[in-house]
Each structure stands twice: as structure tokens, then as C-alpha cells.
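Novice: Coordinates for the following, if possible.
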Amino acid sequence: NRALIFPLLIREGKPTPLFTFVLALLFCVYNGYLQGRSLTNYAKYPSGWLKDPRFITGFIGWLVGMAINIHSDHILRNLRKPGETGYKIPRGGMFEYVSGANFFGEILEWFGFALACCTIESLAFALCTLFILGSRAKQHHQ
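Specialist: Numbering: from 1, shown residues only. Predicted coordinates:
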């Protein structure tokens, strides 16, 4: 969603420098490769893993996080009317509880994924997401 769908839905905004785009793309490709390789080559799950409370809780966390993330992005994209400028405080959804609802949703998403997968690679990505998006959320809140 963040890498492919969200950018296509943005109506206006600042152009992204090519170098930043390439770095983000490389990160997403490499992370996807690491997650996929970890899950297909190294992770071992018992036969009833899909019924395990860790998997179910993680999957629900991932699903709820993704829903929060997508809904929050929708709110952010529709803050201003065409031609309108200036800062606007987002309202509705999880923005009623946290100022960086989109960041919160994405963090929840990846911790849910990490719990569902129970791999060191998925936990590492969840922690990186927490630190990177947590610092961005703090800046946005201020």
C-alpha cells in the first residue's frame, strides 16, 4: 500500500527527488526479499500454526493496523480542497486518539506481522518501523 497504491492516489504535493525514490524502492525490494526468504527457507512452523493464538493475534493486529493505515491516509489525502494550502489538523478515525494515526497503523501492522511470523527478521523490521515512524510521528505531533 505505502509503496505502490498510496503514491498513485495523491492528487498534489511536493515532488519526490529521484534519489529518495530509488533508495525507498531499494529498501522495499531488499526488505521484501529478506522477509520472503526468511519465511520460505528458514522459518519452521508446526502443522497447527494457523490456529495458534500467536498467529491469530498477529494476523488480526496486521489487519487492524492496515485498516487504520489506509483509513488515515484517506483522511490525510482529503484534508484540503483543490487549490487550498496551509496546515490542517486531521480529524476522524484514529486521529481522535493519536496525532500520527497513519504512523500508528503502520507500526501496528508490522508488529502484527512479526507476531504472526515469529521470525527475527520480521521483528527486526517491526522495530525499525517503530523507531523510524515513531520519530516522524513525534516531529509531526510537535
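Novice: host element of I89?
Specialist: Assessed by DSSP states H and E, I89 sits outside every helix and strand.
Novice: mind checking how far it is from Q35?
Specialist: Computed as CB to CB, to the nearest Å, the I89 to Q35 distance reads 35 Å. C-beta: built from backbone N, CA, C; applies to glycine.
Novice: Between these two, which has more neighbouring residues?
Specialist: Q35 (17 against 7; other CB atoms under 10 Å).
Novice: which non-adjacent residue is nearest H71?
Specialist: Among residues not flanking H71 along the chain, G93 sits closest, at 5.0 Å (CB to CB, 6 or more residues apart in numbering).
Novice: burial of the one you found, as a residue count?
Specialist: Neighbours of G93 (other CB under 10 Å): 17.
Novice: Determine which residue lies closest to the centroid of this protein.
Specialist: By CA atoms, centre = their mean, the chain has its centre lying nearest to E106, at 2.8 Å.
Novice: On the pLDDT front, check that one for me.
Specialist: Note for E106: predicted pLDDT of 94.
Novice: ok, now L4?
Specialist: 66.
Novice: now swap in G13 and tell me
Specialist: So G13 comes in at 62 (pLDDT).
Novice: Where does the prediction get shaky in the protein?
Specialist: Where the chain drops to pLDDT under 70, the residues are 2-4, 7-8, 11-14.
Novice: hey, where'd the strands end up in it?
Specialist: With DSSP state E as the definition, the chain shows no strands.
Novice: backbone phi and psi for the residue with the largest distance to the centre of it, please?
Specialist: For the chain, the residue at maximal distance from the C-alpha centroid (CA atoms, centre = their mean) is S47, at 29.2 Å. The phi/psi pair for S47 (degrees, to the nearest 10) reads phi -60, psi -30.
Novice: go on, Y45?
Specialist: Per degrees, to the nearest 10, the backbone of Y45 is at phi -120, psi 140.
Novice: For stretch 69-84, buried residues please.
Specialist: N69, I70, H71, S72, D73, I75, L76 (16 or more other CB atoms under 10 Å).
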